[in-house]
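[1] got a predicted structure plus its sequence, pasted below:
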Amino acid sequence: MADTITISLPDGATRELPAGATGADLAAAIGPRLAKAAVAVVVDGAEADLTRA
């Protein structure tokens, strides 16, 4: 299993996070305002809550 995962964002940017990171972790890595405002993520085309790894 990889130690990190690469996440592709809608604007084409990417972020690397530790394996097992959640949507909340991603939002926090982008910025505190997004961390407060985020309510869901899209993973492989399906909506999921922020606790999904």
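    Now that the structure is in, tell me what you want to look at.

[2] quick one: secondary structure of the residue nearest to A29 when sequence neighbours are not counted?
    Spatial nearest neighbour of A29, excluding adjacent residues (C-beta to C-beta, 6 or more residues apart in numbering): R15 at 5.9 Å. Bear in mind the C-beta positions are built from the backbone N, C-alpha and C, glycine included. Secondary structure state of R15, per DSSP: H, G, I helix; E, B strand; the rest coil, is strand.

[3] which residues touch R15?
    Shown in contact with R15 (C-beta atoms under 8 Å, 6 or more residues apart in numbering): 6-7, 9, 26, 29-30.

[4] hey, C-alpha coordinates of stretch 7-19 in PDB?
    Only the C-alpha atoms of stretch 7-19 are listed here, as PDB (Å, rounded to 0.1, in the frame of the first residue of the first chain):
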ATOM      1  CA  ILE A   7      -5.800  13.900  -5.400                       C
ATOM      2  CA  SER A   8      -6.900  15.600  -8.600                       C
ATOM      3  CA  LEU A   9      -8.900  18.800  -8.000                       C
ATOM      4  CA  PRO A  10     -11.500  20.300 -10.400                       C
ATOM      5  CA  ASP A  11      -9.100  23.100 -11.400                       C
ATOM      6  CA  GLY A  12      -6.500  20.500 -12.500                       C
ATOM      7  CA  ALA A  13      -4.200  21.000  -9.500                       C
ATOM      8  CA  THR A  14      -3.200  18.000  -7.500                       C
ATOM      9  CA  ARG A  15      -2.500  17.400  -3.800                       C
ATOM     10  CA  GLU A  16      -0.600  14.700  -2.100                       C
ATOM     11  CA  LEU A  17      -1.900  13.400   1.300                       C
ATOM     12  CA  PRO A  18      -1.100  10.500   3.500                       C
ATOM     13  CA  ALA A  19      -2.800   7.300   2.600                       C
END
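
[5] and it, what's buried?
    I7 (16 or more other C-beta atoms under 10 Å).

[6] mind checking what helix or strand follows the helix or strand of the chain with the lowest mean pLDDT in sequence?
    In the chain, the helix or strand scored least confidently by mean pLDDT, DSSP states H and E is strand 41-43, which has a mean of 91. Heading C-terminal from strand 41-43, the first helix or strand you meet, by DSSP states H and E, is strand 46-48.
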